[in-house]
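>>> Below are the sequence and a predicted model for it; my questions follow.
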Amino acid sequence: MKSLFSIFLVIFLSKGCSQEQDLSDVKIIYGANNRGFHRTIQIEKDVFTVVNKRDAKPVLVELTDAQWNEIGKLYSKIDLNTFNDLEGPTMERAYDGKPHADMSIIVKDKTYTTKGFDHTIPPAKIKEFVDYINKLADDAVAKNPVLGSYSVEELLSKDVSKKEYFISFDADKVSGFMGCNMYSGTYEFQEETISFGPLMATKKYCENEMENETSWFKVSSEVSTFKMEDKTILLYDNENNLVLKATKK
């Protein structure tokens, strides 16, 4: 009888350390930040949102029933009794080697928060959960549609298709050639908006080839939106005037 009671007590205590899979009264917030990275994942009432840029609006991620069930299953393994004491096994965040991450769980009127950890290296006790929600966030991030190198066909209503002008987009860098000097700079895009930072260029002078280049350097700072039409990119200014048209090589 005593041994039977002991078994019951162990089962009872082990259940007390975990939660049900029902997330209806639970809010989960995961955040990771450093100078070059930002991510916020929020899960609340069957809504999964992700923010991947500072000051950006949350993006709703549509999850399947199987994905929601997996989140619930992994959440049920988390022990809230020890959650506030969880801390990562590494300290790369101390020298900016990794973004600083933490996670909070709000159940009704009580909040539980980790002591912090390196992004992608969470405490072992929540590793499955953290890895899974970050994978969902990674899969939801739209691939950059503008990546690639393009031959410029039109610049400020001028047909320049006979020229050898081009513009190339890497992950966060734009570069190209508009007749005389090679140039490069940074750019940012989100959905249909795009903006260019200051463009740096070599200092050559090319007779009869400077007008278009100078115009591009001036107007590039006014570019605000873009459209993709198959392999063609269209760049527009703040007044929706077409600035540049180019087709992927």
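Done, it's in. Residues are numbered from 1 along each chain as shown.
>>> Tell me where the chain has helices.
All helices of the chain, identified by DSSP state H, fall at 2-16, 65-75, 80-83, 127-140, 210-219.
>>> want to try TSV for those helices, with mean neighbour count and distance to Thr114 as columns?
From N, CA and C alone the C-beta is placed, and that goes for glycine too. Below are the helices of the chain laid out as TSV (neighbours: other CB atoms under 10 Å; distance: least, CB to CB, whole Å):
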stretch	mean neighbour count	distance to Thr114
helix 2-16	9	20
helix 65-75	15	14
helix 80-83	14	7
helix 127-140	17	10
helix 210-219	16	48
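>>> can you list those in TSV and add mean pLDDT and distance to Phe117?
As requested, the helices of the chain are exported to TSV (pLDDT from 0 to 100; distance: least, CB to CB, whole Å):
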stretch	mean pLDDT	distance to Phe117
helix 2-16	42	25
helix 65-75	95	17
helix 80-83	97	12
helix 127-140	92	8
helix 210-219	96	45
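>>> Can you lay out those as a markdown table showing distance to Ala101?
A markdown table is the format used below for these (distance: least, CB to CB, whole Å):
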| stretch | distance to Ala101 |
| --- | --- |
| helix 2-16 | 27 |
| helix 65-75 | 17 |
| helix 80-83 | 14 |
| helix 127-140 | 8 |
| helix 210-219 | 40 |
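>>> To Arg54, which of these lies closest?
helix 127-140 (15.6 Å; CB to CB).
>>> Is Ser215 in contact with Leu156, as I believe?
Yes - counting by CB atoms under 8 Å, Ser215 does reach Leu156; the two are 5.8 Å apart.
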